[in-house]
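Participant: I'll drop the sequence and a predicted model, then ask my questions.
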Amino acid sequence: MAVMLEVTLIGISYGHNLDGGPLEISGDLYVKTIHQNQTEKESFVMFSTNTPVTIGAGEMYKIGTAVRISISHDQPTIFARYIRLGGFLSIGSPKYIDIDYVYSAATQYYRVIFPNQDVSKSAVAQYSIRWLHYI
């Protein structure tokens, strides 16, 4: 059975900065649906900017972009099986996490951490996934 989900990019938060200063962030974040054989089914741009945004210590750059996706554990040839959250932020290399979603009435929250190369700075993309209904 397939389910319809709503995935929201809540925002990008300040992870840490050893010098205590603000972070300058630009780049692209996405939500993708992935088939069981790891091929991409759908891709949604959730955030994209070439102009840096500034995030201070303890702050979040709120985004709020939401998309609806469908996945299925038992119909992987028709629907995607996994959810991929991630992208590329100017602070470091591309990062993502793959989620084998467990059906739940409670909203689930996920974080993708983007450290720079020497791990002295990081930004965190925060997503939520909310179950809507069966398809």
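Facilitator: Thanks, I have the structure now.
Participant: which stretches of the protein form strands?
Facilitator: Taking DSSP state E, the strands of the chain run over residues 2-17, 23-34, 40-55, 60-72, 82-89, 95-99, 108-115, 121-134.
Participant: with mean pLDDT and mean neighbour count as extra columns, can I get those strands in JSON lines?
Facilitator: C-beta here means a position set from N, CA and C on the backbone, and glycine is covered the same way. Shown next, in JSON lines, are those (pLDDT from 0 to 100; neighbours: other Cβ atoms under 10 Å):
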{"stretch": "strand 2-17", "mean pLDDT": "94", "mean neighbour count": "19"}
{"stretch": "strand 23-34", "mean pLDDT": "96", "mean neighbour count": "20"}
{"stretch": "strand 40-55", "mean pLDDT": "96", "mean neighbour count": "14"}
{"stretch": "strand 60-72", "mean pLDDT": "96", "mean neighbour count": "16"}
{"stretch": "strand 82-89", "mean pLDDT": "96", "mean neighbour count": "20"}
{"stretch": "strand 95-99", "mean pLDDT": "96", "mean neighbour count": "15"}
{"stretch": "strand 108-115", "mean pLDDT": "96", "mean neighbour count": "16"}
{"stretch": "strand 121-134", "mean pLDDT": "94", "mean neighbour count": "18"}
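Participant: got a list of what the residue with the largest distance to the centre of the chain touches?
Facilitator: Distance from the centre of the chain peaks at residue 19, with 26.4 Å (Cα atoms, centre = their mean). Residues near residue 19 by Cβ atoms under 8 Å, 6 or more residues apart in numbering: residue 120.
Participant: check it and give its pLDDT.
Facilitator: pLDDT for residue 19: 84.
Participant: how near is it to residue 13?
Facilitator: 18 Å (Cβ to Cβ, to the nearest Å).
Participant: what do you get for residue 3?
Facilitator: Between residue 3 and residue 13 the computed distance is 28 Å (Cβ to Cβ).
Participant: the closest residue to residue 10 other than its chain neighbours: what's it in contact with?
Facilitator: Among residues not flanking residue 10 along the chain, residue 126 sits closest, at 4.4 Å (Cβ to Cβ, 6 or more residues apart in numbering). Residue 126 makes contacts with 9, 10, 11, 12, 13, 60, 109, 110, 111, as judged by Cβ under 8 Å, 6+ apart.
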